[in-house]
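Novice: got a sequence here, can you model it:
(one chain, ligands or ions: 1)
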Amino acid sequence: MQRVGMLRPNEILEDREGVLHIDGVSALELAERFDTPLYVMSERRIRNNYRRVYETFSKRYRKVKVYYSAKANTNLSILKILEEEGSCLDAVSPGEVFLALKAGFKPERILYTGTSVRDDELRFLSESGVTINVDSLSQLRRLLKISTPETISVRVNPEVGAGHHEHVVTAGRESKFGIWEEKVVEAYRTALEAGVKHFGIQMHIGSGILSVEPFTVATENLLKIANRVHEEVGIGFEFIDLGGGLGVPYKPEEEELNLDLLAEKVTALYRERVEQYGLGEPTLCVEPGRYIVCDAGVLLTRVNTVKVTPFKRFVGVDAGFNTLIRPAMYGSYHPVVVANRLNEPGEETYTIVGPICESGDILAKDRMLPRIQEGDLIAVLNAGAYGYSMSSQYNSRPRCAEVLVMDGEYALIRERETLHSLLEGQHYPPWLK
Ligand code: LLP
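Specialist: Residues are numbered from 1 along each chain as shown. Got it, this is the predicted structure:
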């Protein structure tokens, strides 16, 4: 496999005579056929990423479940692929539950982890039969008024968080998520007294974590809390869920998360503690989102403008932060290549900007790239997670299309919105008619 630009090669990205191919499909052909901006997802990479996580953990511990975190990418075809793989699913909204059920997930394979959850949502979840992971005592009490589920899980704040940006740190003092230790016992006691039979315990410390240590520190804390519940409430756990957050390198200097080491350390600690605390053999769950879909996705966007100012060299493309918000929202770096000039050397420093009327609409800042011309095709890599799922119609731009590729074949999996999509659901009030 040849290296693409400055990138780590992976099994789907290939340089064929200067043209980026994604699992055997020419990026130029896709852009021509479906127009741009266009998200391209690789089925092969998604399947292999899932299998890698599942196998790496399950060869070290007998009972493992991987919950794909749907928020990273909720396209129905992607959900279907993961359903076929045997994945379980982490959902955070009724919409994600709805889509997962449509894609064929049985409710038993769905864990709902919401925050600020409304009563009507709790009712919907109870009726759909998914397992609910409660985020507060308030939510638990309101749920128990609606129904008494067989199983309840509690999201615990394990006091340590981590992540690539403060917005995605989801545990620790500043975080709105989870229940702190002193209230956890009360939560399980309340559920037990209400007649709940089976229990789980969960945490999720943050997103985009490339080192092992935060996971082991948080796992230690979570298991200590599980032990306290076990001793004080007298219940056991069907599952202990360590959450997601497995990072993927975006910048050239970032090193890959050592998945083997992560699984080794975490399962060793887990096994030791469940034995020490007499917790039996609860299923070990992990909830990766980014790790499964991030590097399976490429965003293709066409150059329409090259503008040189006394200070900068701008490349104007047709994808802005309406299409990929991560650079604007978190200052995230995404690798970028010129999909039709992979074999040309970097010559100029370009800043790649979109069509949104805000100065923060920058996809990539100061990148050394081959000499770019209008009409060139830019590929933004590692765009499969939190790309389409966070896109919007801001500036009244219809959302883009999505394509799935597999071994030289491709298919449209989501149509491009049209101008008419912008009218959907809008009404004039009677006095304007
Ligand atoms: N489980 C729960 C309860 C979560 O809230 C999340 C993500 C995950 C699992 C999966 O995390 P992952 O494995 O993908 O890191 N929009 C941000 C990421 C937000 C993640 C929110 N929660 C970004 O683009 O970086």
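Novice: does the ligand sit close to whichever strand in the chain runs longest?
Specialist: Scanning the chain for the longest strand, with DSSP state E as the assignment, gives strand 297-308. No - contact of strand 297-308 with the ligand (CB under 6 Å from any ligand atom) is absent, the minimum separation being 12.1 Å. The C-beta positions use only the backbone N, C-alpha and C, and glycine is treated the same way.
Novice: elements contacting the helix ranked longest in the chain?
Specialist: As assigned by DSSP state H, the longest helix anywhere in the chain is helix 213-233. Judged by 3 or more CB pairs under 8 Å, 6 or more residues apart in numbering; DSSP states H and E, helix 213-233 is in contact with helix 181-193, strand 198-202, strand 239-241, helix 259-276.
Novice: quick one: which of those is nearest the ligand?
Specialist: Checking those against the ligand by CB to the nearest ligand atom gives strand 198-202 as the closest, at 7.5 Å.
Novice: before we move on, the earlier item: relative to the longest strand of the chain, what are the paired strands and their orientations?
Specialist: Sheet pairing for strand 297-308, assigned by DSSP bridges, gives strand 38-42 (antiparallel), strand 313-317 (antiparallel), strand 377-380 (antiparallel).
Novice: verify the contact between residue 184 and residue 227 for me.
Specialist: No - counting by CB atoms under 8 Å, residue 184 sits too far from residue 227 to count as a contact (11.2 Å).
Novice: coming back round to it: and the longest helix of the chain with helix 259-276, angle?
Specialist: Computed by axes from the mean of the first three to the mean of the last three CA atoms, to 10 degrees, the angle separating helix 213-233 from helix 259-276 equals 20 degrees.
Novice: now the angle between helix 181-193 and helix 213-233, please.
Specialist: Relative orientation of helix 213-233 versus helix 181-193 (the same axes, to 10 degrees): 50 degrees.
Novice: make a markdown table out of the helices and strands packed on helix 213-233 and add mean neighbour count and distance to residue 332.
Specialist: Formatted as a markdown table, those follow (neighbours: other CB atoms under 10 Å; distance: least, CB to CB, whole Å):
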| stretch | mean neighbour count | distance to residue 332 |
| --- | --- | --- |
| helix 181-193 | 17 | 33 |
| strand 198-202 | 23 | 26 |
| strand 239-241 | 24 | 26 |
| helix 259-276 | 17 | 21 |
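Novice: can you redo the ones you listed as TSV with distance to residue 328 and mean pLDDT?
Specialist: Shown next, in TSV, are those (distance: least, CB to CB, whole Å; pLDDT from 0 to 100):
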stretch	distance to residue 328	mean pLDDT
helix 181-193	37	97
strand 198-202	31	98
strand 239-241	32	98
helix 259-276	30	98
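Novice: including distance to the ligand, could these go into a markdown table?
Specialist: Listed next are the helices and strands packed on helix 213-233 as a markdown table, based on distance: least, CB to the nearest ligand atom, whole Å:
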| stretch | distance to the ligand |
| --- | --- |
| helix 181-193 | 17 |
| strand 198-202 | 8 |
| strand 239-241 | 9 |
| helix 259-276 | 12 |
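Novice: can you list the ones you listed in CSV and add distance to residue 413?
Specialist: Output for these, formatted as CSV (distance: least, CB to CB, whole Å):
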stretch, distance to residue 413
helix 181-193, 40
strand 198-202, 30
strand 239-241, 29
helix 259-276, 27
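Novice: now do the helices in this protein.
Specialist: Taking DSSP H as the test, the helices found in the chain are 27-34, 43-58, 76-85, 94-102, 119-128, 137-146, 181-193, 213-233, 259-276, 290-293, 326-330.
Novice: ranking those helices by burial, who's on top?
Specialist: Among the helices of the chain, the stretch with the highest mean neighbour count (mean count of other CB atoms under 10 Å) is helix 290-293, at a mean of 29.
Novice: give me the distance between that one and the centre of its chain.
Specialist: Distance, stretch centre to chain centre, for helix 290-293: 6 Å (CA atoms, centre = their mean, to the nearest Å).
Novice: how near is residue 352 to residue 372?
Specialist: Going from residue 352 to residue 372 by CB to CB, to the nearest Å gives 9 Å.
Novice: my bad, residue 124
Specialist: Distance, residue 124 to residue 372, by CB to CB: 49 Å.
Novice: cool, and residue 102?
Specialist: From residue 102 over to residue 372 the distance is 41 Å, taken as CB to CB.
Novice: again with residue 44
Specialist: In terms of CB to CB, residue 44 sits 30 Å off from residue 372.
Novice: just checking, residue 296 touches residue 40?
Specialist: No - judged on CB under 8 Å, residue 296 makes no contact with residue 40 at a distance of 9.2 Å.
Novice: the more surrounded of these two?
Specialist: Under the criterion of other CB atoms under 10 Å, the comparison of residue 296 against residue 40 puts residue 296 first, with 31 against 28.
Novice: any shared contact partners between residue 352 and residue 372?
Specialist: Shared contacts of residue 352 and residue 372 (CB atoms under 8 Å, 6 or more residues apart in numbering): residue 315.
Novice: so for those two, which residue has more residues nearby?
Specialist: Legend: neighbour count by other CB under 10 Å for residue 352 and residue 372, higher for residue 352 (24 against 21).
Novice: OK, contacts around the more buried one?
Specialist: By CB under 8 Å, 6+ apart, the residues touching residue 352 are 314-315, 317, 336, 362-365, 367, 378.
Novice: name the member of the residues you listed with the most neighbours.
Specialist: Highest neighbour count within the contacts of residue 352: residue 378, with 31 neighbours (other CB under 10 Å).
Novice: so that one touches residue 336, yeah?
Specialist: Yes - at 6.1 Å, residue 378 and residue 336 qualify as touching, with contact defined as CB under 8 Å.
Novice: end-to-end on stretch 241-259?
Specialist: Counting by CA to CA, to the nearest Å, you get 17 Å between the two ends of stretch 241-259.
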